[in-house]
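A.B. asks: quick one, structure for this:
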Amino acid sequence: MSDLIQLLTPDGDRVPHPEFAFEPDAALLAAHGDETGVLKALLRDLTLVRRFDVEATALQRHGELGLWPPCLGQEAAQVGAGRALAPQDHVFPTYRDHGIAWCRDIDPVALLGVFRGIGHVGWDPVEKGYEPVTIVIGAQTLHAVGYALGVAHDGDVGTGDAARDTAVLVTFGDGATSQGDVNEAFVFAASYHVPVVFLLENNHWAISEPQSRQSRVPLVQRASGFGFPGYRVDGNDVLATYAVVRRALEHARSGQGPVLVEAVTYRMGAHTTTDDPTRYRSDDELEVWRGRDPIARLAAHLRAEGLADDAWFAALEVEADELGADVRARCKALPDPSPLLPFDDAYVEMPPTLAAQRAELEELLADDAAAATEVVR
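C.D. replies: The predicted structure is shown next:
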């Protein structure tokens, strides 16, 4: 289906849809009490993810990070998808999915390691169900399909057991759809009927290349060419994104095969902190999308319906400030990694030649440390 699915307008009005509705699952309701509690929790997610992202951008500008890919404007697509996941689901993210990482309880500072140049991943991917971020454009889609094939072979799909049936979520941008890896992933996902949901965050720009130049038809139509369902959702509407991705994940978990979800959103910031978007897009375009801001629309809804008062919003701002200060302080305190780190977590049993190289480096480091101590004396 190519029609845009929307449940919350940019003005904050709830609108019905003939096929989708915002119905929080039992876990969200148990955690937050009722639908109002869930809505407030979603706005908290959006607000804190944005504050972390803005703080990380500032850290890069101050020389604390080598690079940062902002997710400014794309928070609803990520939080809506992230909160639709079941604990056993597994995510293969791109480098901009800070919102999904937040929903998987990844420490925000752990995301900074790769961009500070001190490590690749700061969490257990098996425990969190969230793989290390992928920098190579589109490669994670093939990784996800391979993992989903393993899930199917293990019999963890289509059993009817809600605690066992597993889906794989993989995220990528509109630019990645021009990569061969993504199209190959579509082929294999369809051929082997694997439980994978492709979440395409269409932010309209592949660095400086507009989406209109990449495809003459809506990207969601790619799905029909490969033989699986596709949905096009307002990616700045966290309620609609949650509803659509939840449906897609249930489809995959039940053994019905892959799904493509195109979340239509917008990258309000730069592609990365090395990019200058004013060179290729207009201020007028940016203003249009500022009027569709995902945080502003949910906040407007809560205010209009009397679901959150000024004191609640003020407390949220205080929490955001505290998060920013914490991220800033802990990022600056991150230690430099040991030169021995590359030897770890590469092999279950380290080959003898590699073990010998590690021992040699360890001895050299010990000699250097002893020499430095002697100089100080």
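
A.B. asks: all strands of this structure, in order?
C.D. replies: 4-5, 90-92, 168-173, 196-202, 205-206, 209-210, 230-234, 259-264 (DSSP state E).

A.B. asks: and the last one, how far from the chain's centre?
C.D. replies: Meaning strand 259-264. 14 Å (Cα atoms, centre = their mean, to the nearest Å).

A.B. asks: now swap in the second one and tell me
C.D. replies: Once both centres are worked out by Cα atoms, centre = their mean, strand 90-92 turns out to sit 9 Å from its chain's centre.

A.B. asks: pLDDT weak spots in the stretch 1-150 of the chain?
C.D. replies: 1-2 (pLDDT under 70).

A.B. asks: so Leu365 makes contact with Arg358?
C.D. replies: No. With contact defined as Cβ atoms under 8 Å, Leu365 does not count as touching Arg358 (10.5 Å). Heads up, the C-betas are built off the backbone N, CA and C, glycines and all.

A.B. asks: can you lay out the strands of the chain as a markdown table showing mean neighbour count?
C.D. replies: Converted to a markdown table, the strands of the chain look like this (neighbours: other Cβ atoms under 10 Å):
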| stretch | mean neighbour count |
| --- | --- |
| strand 4-5 | 19 |
| strand 90-92 | 26 |
| strand 168-173 | 28 |
| strand 196-202 | 29 |
| strand 205-206 | 21 |
| strand 209-210 | 14 |
| strand 230-234 | 26 |
| strand 259-264 | 27 |
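
A.B. asks: can I get these in TSV with distance to Glu285?
C.D. replies: Below are these laid out as TSV (distance: least, Cβ to Cβ, whole Å):
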stretch	distance to Glu285
strand 4-5	18
strand 90-92	30
strand 168-173	17
strand 196-202	15
strand 205-206	10
strand 209-210	10
strand 230-234	17
strand 259-264	14
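
A.B. asks: closest to Leu340 out of those strands?
C.D. replies: Leu340 lies closest to strand 90-92 among those, at 28.3 Å (Cβ to Cβ).

A.B. asks: for that closest one, name the packing helices and strands.
C.D. replies: helix 139-153, strand 168-173 (3 or more Cβ pairs under 8 Å, 6 or more residues apart in numbering; DSSP states H and E).

A.B. asks: closest to the centroid, which residue in this protein?
C.D. replies: Asp97 (2.5 Å; Cα atoms, centre = their mean).

A.B. asks: contacting residues for that one?
C.D. replies: Counting by Cβ atoms under 8 Å, 6 or more residues apart in numbering, Asp97 touches 71, 78, 91, 133, 171, 201.

A.B. asks: just flag the most distant two among these.
C.D. replies: Going by Cβ to Cβ, the pair spanning the contacts of Asp97 furthest: Cys71 and Val91, at 14.8 Å.

A.B. asks: the closest residue to Gly12 other than its chain neighbours: neighbour count?
C.D. replies: Once flanking residues are discounted, Gly12 sits nearest to Ala300: 3.0 Å by Cβ to Cβ, 6 or more residues apart in numbering. Using other Cβ atoms under 10 Å, Ala300 has 17 other residues around it.

A.B. asks: same thing with the one 5 residues further on?
C.D. replies: As a burial measure, Glu305 scores 13 neighbours (other Cβ under 10 Å).

A.B. asks: can you add distance to Leu59 and give the contacts of Asp97 back as a markdown table?
C.D. replies: Converted to a markdown table, the contacts of Asp97 look like this (distance: Cβ to Cβ, whole Å):
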| residue | distance to Leu59 |
| --- | --- |
| Cys71 | 15 |
| Gln78 | 20 |
| Val91 | 24 |
| Val133 | 17 |
| Thr171 | 23 |
| Glu201 | 23 |
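
A.B. asks: just the closest of these to Ala370, please.
C.D. replies: Closest to Ala370 out of these is Val133 (38.1 Å), distances taken as Cβ to Cβ.

A.B. asks: distance of that closest one from Ala101?
C.D. replies: 8 Å (Cβ to Cβ, to the nearest Å).

A.B. asks: neighbour-wise, which of the two wins?
C.D. replies: Taking neighbours as other Cβ under 10 Å, Val133 and Ala101 compare with Ala101 leading, 24 against 21.

A.B. asks: didn't the more buried one look like it was pressed against Leu111?
C.D. replies: Yes. Look at Ala101 against Leu111 with Cβ under 8 Å: they come within range, at 5.8 Å.

A.B. asks: just to revisit the earlier point, let me know which of the strands of the chain is the nearest to Arg292.
C.D. replies: Closest among the strands of the chain, using Cβ to Cβ: strand 230-234, at 8.3 Å.

A.B. asks: biggest helix in the protein by residues?
C.D. replies: Longest among the helix segments of the chain by residue count, using DSSP state H, is helix 35-61.
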